Every structure is written in structure tokens, then in C-alpha cells.
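Engineer: Just to be clear, the model below is a prediction. Sequence and coordinates:
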Amino acid sequence: MLHSDNAKELMQGEWRKICNDFAIKTTYTEPRSPWQNRAEGNIHKLKRHIHRKMKSNNVPKKLWSYCSHWSCDVCNKTASNIFSLNGRTPYKAIYNHTPDISSQCEFDFYEPIWYYEPNEFPEDKRILGRWLGEAHRTGQAMCYWVLTATGKPIARSTVQPIAEEDMMTEVVRLELQSFDETISLKLTQDADQSEDINLPDYLGYFDDNILDEQYETPLYESVEPEATMPEMDDFTLDDFDKYISAEVLLPKGDEMVLGKVIGRKRDIDDNPIGG
């Protein structure tokens, strides 16, 4: 059973079809009552975690999705005071083995790092970048997303932290300052030139005192028109029921007759009954 809010994308369209196909029972919260879904509280905490990390590390807003992945990873691999977990991390509770926290211990999000490229002489092989978290679906273990001076993240395992004594040198400090200025200018120009960028409002830099107002996921216009959900008046549950209009053979006395499905019984929650 899935319990969610009553957003149209969770009640209609393709998602409703998937639930019908796999006989997944769905229940919904009362409108504007996010506290009725326990997951909403954790999502609220996650948003605060993302907001604070981006603000403290001066992360460009366009990189919010990478920070979201990193925050989820940290929360999944960190023990909390949730009684039902018995001191275990959520990761261990699900997979029943201790997670690898090497990346969380060695790097902080958006930390300046060195990464190595096989460049030909006289080009530098050690290049400055910023760490954007693990690239879980690319490469092998210890492969990370690295923000380059071009403003484009790349996946590399040849990553090394910058030593504290190096960070104190004038050369590295000037190089890092130049890097940050280039990134700021590059990402700002890309955002101005792109019509597809639609950052969620809740990632704006608000005061902590009013973060509660960002409790609900904001409404937004779909980037892809074909992904837009139909209006409620244009939608019926039977439109996505694969059994409607199906023809079946049914016994009638000593012979079989052809029948046609014209409707489906539903329970009190409007979920289809039967397979």
C-alpha cells in the first residue's frame, strides 16, 4: 500500500495506470495536511539539511540536485534516535550490512579537491575542482562527481583532498578564487540563457524561522508538456483500466458465450477490486 498526498501526479495519469496494473492499493492524505504522512516530516528535515549545507558552503543554487543526493546519502548512512532502528543506520536496517562511509569521512560537499587527468606535457595533470558527492551509478567504488572549471560535472575516481598546508599558499588560494569566480559567472550565464531551468522555490535562501512555510512541495509547471497531468474533469479511472472493453468467454449452460467488460467494482477508497 502507498500513502501519499493528493497531488494530481500521484492520483491520475500514468502513475494511476501503474497502480492499477500491479494492484497497488493507494491512500491519500487530507488536502493541506502533510502531517498525516510520516514521510513528509523527514522530507522537511531533508530540505533543511540541504538548505543549510548550500548556505554554509556557498554552493551555487544550480547544483541543488547534487546536494540533495549527498544529503540523502548522509542521512541514510547516519544513525539517529529513531527507536525502531535500535541504533542502526537506515541503510543497515534495509540491507542488513554496515554501509561504507569512506566518502562522508574524507570529503565535505563542495569541498575544493584535486583531480588528475592524463594530459600531455606541458598541460597540468593535477587540476582544481569541487567535490559533488559519490557517482553511485558510474564507475566502481570511490568514484565521485567533480565540478570542473567549465561548470560541467564529470565522474572521476582520481580525486585527492587538498592538503591544509597547500590551502594556505598564495598560489592555491588565488587559483581557487579564480575558479569560484569562473563558476559563478558560468552558472549564472547558463541560467540566464536556458529556459528549461526551473529551480524549486523551497531551495531559496530563507531564514530558518520561516522554513516551516516551505513544508509542502510547491506547484510548478511541467518542463515537458506531454508530461502534464490531465485536469480532473477530463479524467476518469476507467480510462486507464486495461480490463475495460476486454472480451471474455463465459460458460452459459452447456455452451460458451462471448462477453464484454463494461465496468469495474471499486472499494470505499475507489481502488479496483480483483486482479
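Structural biologist: Received it, and whenever you're ready, just let me know what you need. Numbers count the residues shown, from 1 in each chain.
Engineer: avg pLDDT for the longest helix anywhere in the chain?
Structural biologist: Looking across the chain with DSSP state H, the single longest helix is helix 170-193. Per-region confidence: helix 170-193 scores 83 on mean pLDDT.
Engineer: Given the following helix or strand past that helix, what are its sheet partners and their directions?
Structural biologist: As assigned by DSSP states H and E, the chain's next helix or strand after helix 170-193 is strand 247-252. Each strand that strand 247-252 pairs with, and the sense of that pairing, follows from DSSP bridges: strand 255-260 (antiparallel).
Engineer: Looking at the partner strand now, give me its mean pLDDT.
Structural biologist: Confidence over strand 255-260, taken as the mean pLDDT, stands at 83.
Engineer: Using CSV, write out every CA atom in that strand.
Structural biologist: Extracted in CSV, the C-alpha atoms of strand 255-260 (Å, rounded to 0.1, in the frame of the first residue of the first chain):
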residue,chain,number,x,y,z
GLU,A,255,-22.1,-23.6,-24.2
MET,A,256,-19.7,-20.7,-24.0
VAL,A,257,-20.8,-17.2,-24.9
LEU,A,258,-18.8,-14.0,-25.6
GLY,A,259,-19.0,-11.2,-23.1
LYS,A,260,-17.6,-7.7,-22.8
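Engineer: Give me the distance from it to the chain's centre.
Structural biologist: Averaged C-alpha coordinates place strand 255-260 at 49 Å from its chain's average position (C-alpha atoms, centre = their mean, to the nearest Å).
Engineer: ditto for stretch 125-136
Structural biologist: Relative to the mean C-alpha coordinate of its chain, stretch 125-136 is positioned 20 Å out (C-alpha atoms, centre = their mean).
Engineer: any residues touching that stretch, and which ones?
Structural biologist: Counting contacts by C-beta atoms under 8 Å, 6 or more residues apart in numbering, the residues outside stretch 125-136 that touch it are 63, 66-67, 69-70, 73, 103, 107-119, 142-149, 153, 155, 159, 172, 175-176, 179, 183. Using the backbone N, CA and C atoms, a C-beta is placed for each residue, glycine as well.
Engineer: Next, the buried residues of it.
Structural biologist: Buried residues in stretch 125-136, counted by 16 or more other C-beta atoms under 10 Å: 127-135.
Engineer: With stretch 42-57 instead?
Structural biologist: Residues of stretch 42-57 classed as buried: 44, 47-51, 53-54 (neighbour count, 16+ other C-beta under 10 Å).
Engineer: Sketch out the strands for the stretch 1-150 of the chain, chain order is fine.
Structural biologist: 2-4, 26-28, 112-116, 126-134, 144-147 (DSSP state E, counting those that start in this stretch).
Engineer: I'd like those strands written out as JSON lines, with distance to residue 10 and mean pLDDT added.
Structural biologist: As requested, those are exported to JSON lines (distance: least, C-beta to C-beta, whole Å; pLDDT from 0 to 100):
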{"stretch": "strand 2-4", "distance to residue 10": "5", "mean pLDDT": "85"}
{"stretch": "strand 26-28", "distance to residue 10": "8", "mean pLDDT": "87"}
{"stretch": "strand 112-116", "distance to residue 10": "39", "mean pLDDT": "93"}
{"stretch": "strand 126-134", "distance to residue 10": "28", "mean pLDDT": "93"}
{"stretch": "strand 144-147", "distance to residue 10": "30", "mean pLDDT": "94"}
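Engineer: quick one: which of those strands is nearest residue 37?
Structural biologist: Set against residue 37 and scored by C-beta to C-beta, the strands of the stretch 1-150 of the chain come closest in strand 2-4, at 5.9 Å.
Engineer: Quick one: residues in contact with the closest one.
Structural biologist: The set of residues that contact strand 2-4 without belonging to it, under C-beta under 8 Å, 6+ apart, is 10, 19, 24-29, 37, 39.
Engineer: among those residues, which ones are buried?
Structural biologist: Buried among these by 16+ other C-beta under 10 Å: 10, 19, 26, 28, 37.
Engineer: Could you work out the most separated pair of these?
Structural biologist: Among the buried ones among the contacts of strand 2-4, the pair separated by the greatest distance (C-beta to C-beta) is 19 and 37, at 16.7 Å.
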